[in-house]
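1. quick one: sequence plus predicted model below, questions after.
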Amino acid sequence: MSVYTSINHQQVQEFLNLYSLGRLIEYSGIQAGIENTNYRVTSSQGDFILTIFESLTAQELPCYLNLLNHLSSADFPAPSPQRCIHNKFINILSGKPAALFNCLPGQSIEVASTSDCSEIGKYLANLHILSQSSGFKKPNSKNIVACQQVFEQVDPFLSKPDKELLNSELQFQLNYLLPTLPSGIIHADLFKDNVLFKQHKISGILDFYNACNDFYLLDIAVTCNDWCVDNNKVNQQKINSLLSGYQKIRKLNKDEQTHLTFFLRRAALRFWLSRLEHQLEPKQGELTLQKDPLVFRSILEQHRQGNSCD
């Protein structure tokens, strides 16, 4: 959630008019995330989040907004897309698809406690259960084949040790035989900056635009690799806490427990590569956020050293 598309006061007011939300009082860009443009908008009828989609098209968006509508209707703390006076979730702003959402309370945290890890584990399990009846269907576009393609793009710019490590991990991932594991709709990007807390309780879960159908274990691994890492060091106690919280809602079967480390490695590989890609081809914008790829290099190495899958 950065600002790549700049808009003026008149444009925001005209957009609000589509929703009958009164007079624009103020708006400001939000610097967080790296995919879309986001503004916090205050009108005479309250606070909202205006999202301008930089990559997804108007044809691609309905499945995501319908998922959010389904979750928020089930009292899950996801952003609720607002319908305009024409009963649509999506309109056009500055030539790009845009949508308006309720503004969820709270702030993201930088360091998660073991209690926070347990809480996010519960919410992740609830997401996996509640989303089953949403009708959402989207293959994971950032699967291991896509990781290999990104590696080929960034390969000429890498150091020899990075090339060797990435190639070794890719070969391991491509050749590994997995059993049939539980799967469904996953968030796929449940980092701390996509979760809001109010008075030490989770009040909002954001940014579902990487959601897809894949193994639940991959979602758990993505979440562990951010929430359960302190100063680039994997914290096993926090991983245990997150898993304990998750299993209060949905039990992992024996195969899932056996193959967790494999997915911790896959998740670290995927985000190391995506951050390398963003670093080499950064988007231009008014407010943008770049994240350090080396964090996930370190996490991958730690999982490889402590691996029980080989």
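-> That came through, no problem.
2. for the residue nearest to Trp227 when sequence neighbours are not counted, what are its contacts?
-> Leaving aside its chain neighbours, Trp227 sits nearest to Ala112 (4.6 Å; criterion: C-beta to C-beta, 6 or more residues apart in numbering). Placement of C-beta: from N, CA and C, glycine included. Neighbour list for Ala112: Ile120, Lys192, Trp227, Cys228, Lys238 [criterion: C-beta atoms under 8 Å, 6 or more residues apart in numbering].
3. ok, now Asp116?
-> Ile109, Phe197, Trp227.
4. what sits against the residue nearest to the spatial centre of the chain?
-> Nearest to the mean C-alpha position of the chain, by C-alpha atoms, centre = their mean, lies Asp189 at 2.3 Å. Listed by C-beta under 8 Å, 6+ apart, the contact partners of Asp189 are Asp207, Tyr209, Asn210, Val222.
5. one more: Ser80?
-> Contacts of Ser80 by C-beta under 8 Å, 6+ apart are Leu68, Asn69, Ser72, Ser73, Phe101, Asn102.
6. circling back to that earlier point, compare the contacts of Asp189 and tell me which is most surrounded.
-> Val222 (26 neighbours; other C-beta atoms under 10 Å).
7. leaving out sequence neighbours, find the closest residue to that one.
-> Ala267 (4.5 Å).
8. next one: Gln153
-> Glu277 (6.7 Å).
9. then Asn235?
-> Using C-beta to C-beta, 6+ apart, the nearest residue to Asn235 is Cys228, at 5.1 Å.
10. how many residues are close by the one you found?
-> By other C-beta under 10 Å, the burial measure for Cys228, its neighbour count, is 25.
11. picking up where we left off before, the residue nearest to Val222: neighbour count?
-> By other C-beta under 10 Å, 25 other residues sit near Ala267.
12. which of the helices or strands spans it?
-> helix 260-280 (DSSP states H and E).
13. can you pull out the strands in this protein?
-> 24-29, 37-43, 46-52, 91-93, 96-102, 183-186, 195-198, 201-205, 212-215, 229-230, 233-234 (DSSP state E).
14. hmm, who's touching the first one?
-> What it means is strand 24-29. Outside strand 24-29, the residues that touch it by C-beta under 8 Å, 6+ apart are 2-3, 9, 12-13, 16, 37-44, 50, 286-287.
15. can you give me the helices for this protein?
-> Secondary structure of the chain (DSSP state H): helices at 9-17, 62-73, 114-130, 144-154, 160-175, 216-227, 236-247, 254-258, 260-280, 294-305.
16. now the angle from the second one to helix 114-130?
-> When axes from the mean of the first three to the mean of the last three C-alpha atoms, to 10 degrees is applied, the directions of helix 62-73 and helix 114-130 differ by 110 degrees.
17. same question for helix 62-73: list its buried residues.
-> Within helix 62-73, the residues that count as buried by 16 or more other C-beta atoms under 10 Å are Tyr64, Leu65, Leu67, Leu68, Asn69, His70, Leu71, Ser72.
18. against Phe296, how distant is the residue nearest to Trp227?
-> Separation of Ala112 from Phe296 (C-beta to C-beta, to the nearest Å) stands at 17 Å.
19. ok, Thr37 to Tyr19 distance?
-> 18 Å.
20. same check on Lys233?
-> Lys233 is 46 Å from Tyr19, by C-beta to C-beta.
21. then Gln148?
-> 43 Å.
22. burial check on Gln132, number of neighbours?
-> 11.
23. thought Ser183 was touching it, still the case?
-> No. In this structure, Gln132 is not within contact of Ser183 by C-beta atoms under 8 Å, at 10.7 Å.
24. residues contacting the residue lying closest to Ala268 once chain neighbours are set aside?
-> In space, and not counting its chain neighbours, Ala268 is closest to Leu300: 3.8 Å by C-beta to C-beta, 6+ apart. Counting by C-beta under 8 Å, 6+ apart, Leu300 makes contact with Leu165, Glu169, Arg265, Ala268, Leu269, Trp272.
25. so the second one makes contact with Arg304?
-> Yes. Checked against C-beta under 8 Å, the pair Glu169 and Arg304 is within contact range at 7.2 Å.
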